[in-house]
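Q: Pasting the sequence and the predicted coordinates here, then a few questions.
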Amino acid sequence: MRGAGRSAGLLGWGGLSRSGPLPPRAVLPPAPRRGFAATLIRNSYDVRRVEITPLEQRKVTFDTHALVQDLEAHGFGKEQAETIVSALITLSNVSLDTVYKDMVTQAQQEITLQQIMAHLDSIRKDMVILEKSEFANLRAENEKMKIELDQVKQQLMNETGKIRADSKLDINLERSRVTDMFTDQERKLMEATTEFHKKDSSTNSVISEISNKIDTEIASLKTLMESNKLDTIRYLAASVFTCLAIALGFYRFWK
């Protein structure tokens, strides 16, 4: 019944209006859509169906009354001519519908553009919200990392201070140990030096005593030798005088 309605409406706007509306028997029954190629509706972004031109406002591009008269002049009856014209109008409407499916009007374009702009605004708002959320998350992560870094820094400073204190304590202990060892060695060296000086003094005193004894003995020997020498000289002198006396005695005796 949709095709019949379209045909009646288009005839009302065409040349047949001059002779009045067609009788009911002249209206074609709805043509089956099996013989026409159906056009797939393209899935576009957020499309809303907008009627381009209402069926009641469409106009036929040819004079239907003149075409009916021409067909009657060629031997067709009035009903046959009107039926043929109705069929042509139906085919024209189907062709226009097929063409209109792939076309867009300025109103539909503006509506689609507004829908796209609205969706872009929504996307922009979502992006701003997401950016703020991501920025907040990044700032929170940055603060968390900063706190963790401060904690690590404080821990490192504590460990460094502890290691420094331990090292300083070890160094002081080692210095004290070395100082004590040096003092002990110095004390031992002083004791050894003192002992050496004592022994040296004792040795010098012994040497001096021995030297004095030697000198005394030498002096005694010299004295003894001098006395022996005098005794020897006296003995020799006595011997000589004795010999002289004996010699003089013998000399006197022999005279």
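A: Structure's in. What do you need? If you're wondering where the values come from, they're calculated on a predicted model, not measured in any experiment.
Q: Now residue 162. Its backbone dihedrals?
A: In terms of degrees, to the nearest 10, the main-chain angles of residue 162 are phi -60, psi -50.
Q: Next one: residue 139, what pLDDT does it get?
A: pLDDT recorded at residue 139 is 85.
Q: ditto for residue 101
A: At residue 101, the pLDDT recorded in the model is 74.
Q: again, but for residue 42
A: So residue 42 comes in at 45 (pLDDT).
Q: residue ranges with poor pLDDT in the stretch 51-200 of the chain?
A: Within the stretch 51-200 of the chain, the set of residues satisfying pLDDT under 70 comprises 51-61.
Q: all strands for it, in order.
A: Using DSSP state E, counting those that start in this stretch, no strands are found in the stretch 51-200 of the chain.
Q: the helices in it, which residues?
A: Counting by DSSP state H, counting those that start in this stretch, the segments of the stretch 51-200 of the chain that form helices are 64-73, 78-101, 106-254.
Q: Give the buried residues for the shortest one.
A: Think helix 64-73. 64, 65, 67, 68, 71 (16 or more other C-beta atoms under 10 Å). No exception for glycine: its C-beta is placed from N, CA and C like everyone else's.
Q: Restrict that helix to CA atoms and write it as PDB.
A: The C-alpha trace of helix 64-73 is given here as PDB (Å, rounded to 0.1, in the frame of the first residue of the first chain):
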ATOM      1  CA  THR A  64       1.900  13.300 -16.700                       C
ATOM      2  CA  HIS A  65      -1.300  14.700 -18.300                       C
ATOM      3  CA  ALA A  66       0.500  15.300 -21.600                       C
ATOM      4  CA  LEU A  67       2.000  11.800 -21.400                       C
ATOM      5  CA  VAL A  68      -1.500  10.300 -20.900                       C
ATOM      6  CA  GLN A  69      -2.900  12.200 -23.800                       C
ATOM      7  CA  ASP A  70       0.100  11.100 -25.900                       C
ATOM      8  CA  LEU A  71      -0.500   7.500 -25.000                       C
ATOM      9  CA  GLU A  72      -4.200   7.800 -25.800                       C
ATOM     10  CA  ALA A  73      -3.300   9.300 -29.100                       C
END
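Q: tell me how far it is from the chain's mean position?
A: 87 Å (C-alpha atoms, centre = their mean, to the nearest Å).
Q: how close does residue 225 sit to residue 84?
A: Computed as C-beta to C-beta, to the nearest Å, the residue 225 to residue 84 distance reads 193 Å.
Q: Compare these two (neighbour count), which wins?
A: residue 84 (15 against 11; other C-beta atoms under 10 Å).
Q: How about the contacts made by the more buried one?
A: Each residue near residue 84 by C-beta atoms under 8 Å, 6 or more residues apart in numbering is listed here: 71, 76.
Q: For it, give its distance to residue 69.
A: Taking C-beta to C-beta, one finds residue 84 at 12 Å from residue 69.
Q: do residue 254 as well
A: Counting by C-beta to C-beta - residue 254 and residue 69 are separated by 237 Å.
Q: and if you look at residue 114?
A: 49 Å.
Q: now do residue 243
A: Taking C-beta to C-beta, one finds residue 243 at 223 Å from residue 69.
Q: And residue 167, by the same measure?
A: Applying C-beta to C-beta, the value for residue 167 to residue 69 is 122 Å.
Q: next one: residue 127
A: 67 Å.
Q: Next: residue 226.
A: 202 Å.
Q: next one: residue 213
A: Taken as C-beta to C-beta, the span from residue 213 to residue 69 is 186 Å.
Q: And residue 124, by the same measure?
A: From residue 124 to residue 69 the distance is 63 Å (C-beta to C-beta).
Q: Using CSV, lay out the buried residues of helix 64-73 together with distance to residue 148.
A: Listed next are the buried residues of helix 64-73 as CSV, based on distance: C-beta to C-beta, whole Å:
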residue, distance to residue 148
64, 86
65, 91
67, 89
68, 92
71, 94
